[in-house]
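Colleague: Build me a structure from this.
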Amino acid sequence: MEDLALGSYEAACVLGVHWTPPATMARRGRLLARSVAAGTNSCAVYSLRDCERDYQEYLEMQAQPGRPRPRAHLANRPAQLRRNAKIKHRIPFTDAISTYEAAEIMGCHWTWPPRMAREGAIVGRIVHNGRPSASDRLWIFSRASCEANAAIAKKQVAAGRKIGRPRRSLAR
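Modeller: Numbers count the residues shown, from 1 in each chain. You can find the predicted model right below:
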């Protein structure tokens, strides 16, 4: 199984729980999660492989006597698994970074990485949060694609062929 980076709602759907428990589960060491900086705030990305492992453990516990109560949001799981299968840009858990980290790597303003991802210059995707689509605002990006883009821009600067505004980290 591919180890994709998931947002808290996506991880909760895979687990069959409300969107808030993944953070608690990660604090207690039951789920693998990484904090990604988002300006002054931070958010977490969760490992799809670890969420699946926890769900399988839950199913095993359900089959035993004295089992825990059923998870309340198991109905969200099939739709999320279908959504995961349709993800165009599959960002591995270990490679996921936030918009601000992407901007820092590429030496640009934080509003630029989403535009670049929409254009296909870097790999990024909007994390689904279960609310109306207008509120899906959190992006995650592939660190490798951002570093590759920065390297290309640096070569263009050195050759004098880069167009557009100079980037902060490339001007040095």
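Colleague: biggest helix in the protein by residues?
Modeller: helix 143-159 (DSSP state H).
Colleague: Just list what that helix packs against, helices and strands only.
Modeller: strand 96-97, helix 99-106 (3 or more Cβ pairs under 8 Å, 6 or more residues apart in numbering; DSSP states H and E). Placement of C-beta: from N, CA and C, glycine included.
Colleague: for these, which one ends up most surrounded?
Modeller: Of all the helices and strands packed on helix 143-159, strand 96-97 has the most neighbours on average by mean count of other Cβ atoms under 10 Å, namely a mean of 26.
Colleague: Just checking, which helix or strand of the protein averages the lowest pLDDT?
Modeller: strand 33-38 (a mean of 82; mean pLDDT, DSSP states H and E).
Colleague: burial count for residue 138?
Modeller: Neighbourhood size, residue 138 [other Cβ atoms under 10 Å]: 19.
Colleague: so the longest helix of the chain versus helix 99-106, what angle?
Modeller: 30 degrees (axes from the mean of the first three to the mean of the last three Cα atoms, to 10 degrees).
Colleague: Tabulate the helices and strands packed on helix 143-159 in TSV, adding columns for mean pLDDT and distance to residue 80.
Modeller: Converted to TSV, the helices and strands packed on helix 143-159 look like this (pLDDT from 0 to 100; distance: least, Cβ to Cβ, whole Å):
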stretch	mean pLDDT	distance to residue 80
strand 96-97	94	17
helix 99-106	92	23
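Colleague: Of all those, which one is nearest residue 55?
Modeller: strand 96-97 (20.4 Å; Cβ to Cβ).
Colleague: Quick one: list the elements packing against the closest one.
Modeller: strand 33-38, strand 139-142, helix 143-159.
Colleague: 10 Å instead, please
Modeller: strand 5-6, strand 33-38, strand 41-47, helix 99-106, strand 124-126, strand 139-142, helix 143-159 (3 or more Cβ pairs under 10 Å, 6 or more residues apart in numbering; DSSP states H and E).
Colleague: Noted, bye for now.
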